[in-house]
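Student: Here's a sequence, model it:
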Amino acid sequence: MFHTGFVPVVIVCAAIGFKLYRMALVEPPMGSILEEWIQSCAYSKTNPFHDFICIVEPFFEELLSNEIGKSFITAFGASGTAMSSYHVLSTYLHTKAGDHGGSLFFSSPVIIALQLAGQAFGLGIIGPIVLPLLSAISKSLSPPNSRAPSPPTHAYTVTHLWMQFAVFLLSLVISNVPSTRPEWVYINYLWQAFPLLFLPLALLPRSPASTNKTSSSLSISVFTVYKYVYGPAWWAALGAGLNAYFRHGETFNPACYFMAVDVVGFVVLFLGMYAVDAVAGDAREVMGMGRLLGGFVALGPASTMAAYFEGQQRVAMERAEAEWIKKV
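Tutor: All right, here's what the predicted structure looks like:
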């Protein structure tokens, strides 16, 4: 059902998203550097991916040759400040895509396309523009008193979680293989294409299976693990970056600047999605605003997002069970 309160949420998030886009890709320091990388690139301009390749290779070389930059991807064997938020959001979106009776706006092809766009521009950059809007449209097109979507099947959930684990392993590889190694270029290409790993999910049916309690419990458990792991991981990654800057004299280079903007974008897009849920009346029973803001301060964005999505999954499972009991 449409709520007029969706409009200011979507407009504010989109405005911030476009500003972050300009900060990350157009305005100094990144705009001139990206242009320099493209102009000095040795690849043939007939290559349809010329500009993308010419930016991605030096960007990740600069990011991962710097200990501050590495802390955005991985730190002490866990996802870093940016990757942890990406990992939580990706898990939530693909879980939502598997819901039987869920919105087509959150189907697997849409999520994969969004992730691919995120590889090109940063998911934290385009996310505030797209995700609150999709969430608002999805809720607006949902008829009043419509049946709650049922959770994904067990096969979908298990397949999805193995893919998320593969992405995590790939993040460890790209962070720990020196960019001077010849195979690093190919690892980088694999990293850019990792959203395609999720294509098999688009082929799995969104079929109802009683209450799907097993798959729901599994999804809840995953978000619970994220909640407890990514709180300490946030401080570990932040500490690693600050240690590299203050004690070892690492520079906060333009690639690090881009990643910092990306992290801000993740916070904005999540707050936007939360605000859409709040306007629709779906947020309060999961997490109040005070607890949400306190979580951001104490545990970082990824852990807070995971706690909220964990609560959402619990509520969804309870609603699906209630619907199933009515049928029996």
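Student: ok, Ala15 to Leu196 distance?
Tutor: As for Ala15, its distance to Leu196 is 31 Å (criterion: C-beta to C-beta, to the nearest Å). The C-beta positions use only the backbone N, C-alpha and C, and glycine is treated the same way.
Student: again with Val110
Tutor: As judged by C-beta to C-beta, Val110 and Leu196 stand 14 Å apart.
Student: contacting residues around the closest residue to Pro132 other than its chain neighbours?
Tutor: Distances taken as C-beta to C-beta, 6 or more residues apart in numbering place Gly272 nearest to Pro132, at 3.4 Å, with adjacent residues excluded. Gly272 makes contact with 9-10, 12-13, 128, 131-132, 135, according to C-beta atoms under 8 Å, 6 or more residues apart in numbering.
Student: Sort out which one of those residues lies nearest Tyr230 for me.
Tutor: Leu131 (19.4 Å; C-beta to C-beta).
Student: Go ahead and list the helix or strand containing the residue nearest to Pro132.
Tutor: helix 254-280 (DSSP states H and E).
Student: which residues of the protein score low on pLDDT?
Tutor: Scanning the chain with the threshold set as pLDDT under 70 gives 1, 75-80, 101, 143-150, 206-216, 320-328.
Student: can you give me the strands for the protein?
Tutor: For the chain, strands defined by DSSP state E occupy the ranges 74-75, 78-79.
Student: ok so, going back, okay, Val110 and Leu196: which has more neighbours?
Tutor: Taking neighbours as other C-beta atoms under 10 Å, Val110 and Leu196 compare with Val110 leading, 17 against 12.
Student: Now render the contacts of Gly272 as a markdown table, adding neighbour count.
Tutor: Putting the contacts of Gly272 into a markdown table (neighbours: other C-beta atoms under 10 Å) gives the following:
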| residue | neighbour count |
| --- | --- |
| Val9 | 22 |
| Val10 | 21 |
| Val12 | 16 |
| Cys13 | 27 |
| Pro128 | 31 |
| Leu131 | 24 |
| Pro132 | 27 |
| Ser135 | 26 |
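Student: quick one: which of the residues you listed is nearest Ala240?
Tutor: Among these, Pro128 lies closest to Ala240 (C-beta to C-beta), at 26.6 Å.
Student: Show me what the top helix by length along the chain is packed against.
Tutor: With secondary structure taken from DSSP state H, the chain has its longest helix at helix 289-327. Helix 289-327 sits against helix 81-97, helix 213-246, helix 254-280, with contacts defined as 3 or more C-beta pairs under 8 Å, 6 or more residues apart in numbering; DSSP states H and E.
Student: the inter-axis angle of the longest one versus helix 289-327?
Tutor: In this case it means helix 213-246. Angular relation of helix 213-246 and helix 289-327 on a 0 to 180 degree scale: 160 degrees, by axes from the mean of the first three to the mean of the last three C-alpha atoms, to 10 degrees.
Student: Show me what helix 213-246 is packed up against.
Tutor: When contacts are defined as 3+ C-beta pairs under 8 Å, 6+ apart, helix 213-246 sits against helix 67-73, strand 74-75, strand 78-79, helix 81-97, helix 154-176, helix 289-327.
Student: Deepest in the core, which of these is it.
Tutor: Of all the helices and strands packed on helix 213-246, helix 81-97 has the most neighbours on average by mean count of other C-beta atoms under 10 Å, namely a mean of 26.
Student: How about the residue positioned nearest the centre of the chain, nearest residue that isn't a chain neighbour?
Tutor: The centre of the chain sits closest to Tyr86, judged by C-alpha atoms, centre = their mean, with a distance of 3.0 Å. Residue nearest to Tyr86 in three dimensions, not counting chain neighbours: Leu123, with 6.0 Å by C-beta to C-beta, 6+ apart.
Student: could the helices and strands packed on helix 289-327 go into TSV alongside distance to Phe49?
Tutor: Putting the helices and strands packed on helix 289-327 into TSV (distance: least, C-beta to C-beta, whole Å) gives the following:
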stretch	distance to Phe49
helix 81-97	22
helix 213-246	31
helix 254-280	19
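Student: winner for burial among those helices?
Tutor: Comparing these by mean neighbour count (mean count of other C-beta under 10 Å), helix 81-97 ranks first with a mean of 26.
Student: That helix packs against which elements?
Tutor: Under the contact definition 3+ C-beta pairs under 8 Å, 6+ apart, helix 81-97 sits against helix 67-73, strand 78-79, helix 108-121, helix 123-141, helix 154-176, helix 213-246, helix 254-280, helix 289-327.
Student: surely Val276 meets Leu131?
Tutor: No: look at Val276 against Leu131 with C-beta atoms under 8 Å: they stay out of range, at 9.0 Å.
Student: Distance to Thr251 for the helices and strands packed on helix 213-246 - can I get that in a markdown table?
Tutor: Formatted as a markdown table, the helices and strands packed on helix 213-246 follow (distance: least, C-beta to C-beta, whole Å):
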| stretch | distance to Thr251 |
| --- | --- |
| helix 67-73 | 8 |
| strand 74-75 | 18 |
| strand 78-79 | 23 |
| helix 81-97 | 17 |
| helix 154-176 | 18 |
| helix 289-327 | 24 |
